[in-house]
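In: here you go, sequence then predicted model.
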Amino acid sequence: MRLRAAVARLVHGVAWRAEYLLDRLRGQRDPRVVIEPYIGYADPDHLVLRGRVLTALRRHKPAPTQSLWLNFKQMLSLFLTDEVAGVELQARGVTAISDEEGYFTLLLPREARIGAGWREIPVSIPGRKGSAICPVLIASPEARFAVVSDIDDTLLRTGAYSLLRNLWTSLTGNALTRRIFPDAVTFIRSLSQDGLNPVYYVSSSPWNLHHFLTRIFARAGLLRGPKFLRDLGLSKTQFITGSHGDHKGSSINVLMAANPDLAFVLIGDTGQKDAFVYRDAVARHPGRVAAVVLREPGPGPDAASSQAMAEIAALGVTLLHGPSFEGFAAELLAEPVSRKAHQAM
């Protein structure tokens, strides 16, 4: 075990230094920088703008009949990003610096007069022409609850419960061939109650797919909302930053802190440990989770997932599960889910 750990540390060190040197060479060779905006959100004190600084944006115009090989090449190109560190960004007098992977977060003071809904905020790089627009969702003070939903096999047909099926579907499809479950579109829209209740999406998919997923959502008519995706890049300490469960759990923590007065409905599936992640979230945040909804893709829940689901129900949280979300919205909305978190249970 000690030898394996030592080898892992050595390989990681070599890989991280190689990526660092490659990024430096790319930066010297290509000084162009562009901003890729992500969908932001609001907390009680700030508007949280997010994005990434790259040397170029890769945008494709796929055709529904194009070959699997072309799909694969286009998908692969989304991961071959040239990120730019140390770039200063500015919005409404607030500045931030892009990190080693090009990511940035701008925390704009939230003024009392700013109402609920969507805001489009320009973000620029001082000394350079042009800017990007970062959309931000501000939750309504009248919201009854907030919704957090997984993406793969919860909303988007993927087959993530099988590694080979997941890789095949993810790498050989395109934005026109990937399919959202029809019941997911109506379910999410019903829970939002015409935008009254904020909807957030949390996934272990990488940030490289933010625009790709946004395009799929828009084409299917799935409600727009801030996404919390995962950094799959190298850091000084890890090959991949954080595990599947850690990423989802920490994202839920952030969203609950951003909406301290709201109860939450957590939506996922039984194919990627969502039952465990949501069970732990219920335990960490007593009184904050009003309901857990789980799609059962493929073979359905295994024994361990079934046990986690039973533990969620035993904690007094409404648990709905099945191969489809049909009928779940009416059941949830009929319950007296209060907007005050401490009254949610």
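Out: Now that the structure is in, tell me what you want to look at.
In: which stretches of the protein form helices?
Out: Applying DSSP state H to the chain gives helices spanning 2-29, 68-79, 163-172, 182-192, 210-220, 244-258, 274-284, 303-314, 328-334.
In: now for the fifth one, which elements pack on it?
Out: Looking back up the chat, that one is helix 210-220. Using 3 or more C-beta pairs under 8 Å, 6 or more residues apart in numbering; DSSP states H and E, the elements in contact with helix 210-220 are strand 227-230. (C-beta placed from N, C-alpha, C; glycine too.)
In: and the strand it packs on, what other elements does it pack with?
Out: Strand 227-230 packs on strand 199-206, helix 210-220, helix 244-258, going by 3+ C-beta pairs under 8 Å, 6+ apart.
In: which residues are contacting that strand?
Out: With contact meaning C-beta atoms under 8 Å, 6 or more residues apart in numbering, strand 227-230 is reached by 38-39, 151, 200-207, 209-210, 213-214, 241-242, 247, 251, 254-255.
In: rerun that using 10 Å as the cut-off
Out: In this structure, residues lying in contact with strand 227-230 by C-beta atoms under 10 Å, 6 or more residues apart in numbering are 38-39, 41, 50, 148, 151, 200-210, 213-214, 217, 240-244, 246-248, 250-252, 254-255.
In: closest one to residue 330 among the helices and strands packed on strand 227-230?
Out: Closest to residue 330 of the helices and strands packed on strand 227-230 is strand 199-206 (C-beta to C-beta; 17.5 Å).
In: helices or strands up against that closest one?
Out: Packing partners of strand 199-206 (3 or more C-beta pairs under 10 Å, 6 or more residues apart in numbering; DSSP states H and E): strand 145-149, helix 182-192, helix 210-220, strand 227-230, helix 244-258, strand 263-269.
In: just name the most buried of these.
Out: strand 263-269 (a mean of 27; mean count of other C-beta atoms under 10 Å).
In: so for that strand, what's the average pLDDT?
Out: Averaged over strand 263-269, pLDDT sits at 97.
In: about what we covered before: output the helices and strands packed on strand 199-206 in CSV, with distance to residue 89 appended to each entry.
Out: Output for those, formatted as CSV (distance: least, C-beta to C-beta, whole Å):
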stretch, distance to residue 89
strand 145-149, 27
helix 182-192, 31
helix 210-220, 17
strand 227-230, 19
helix 244-258, 21
strand 263-269, 31
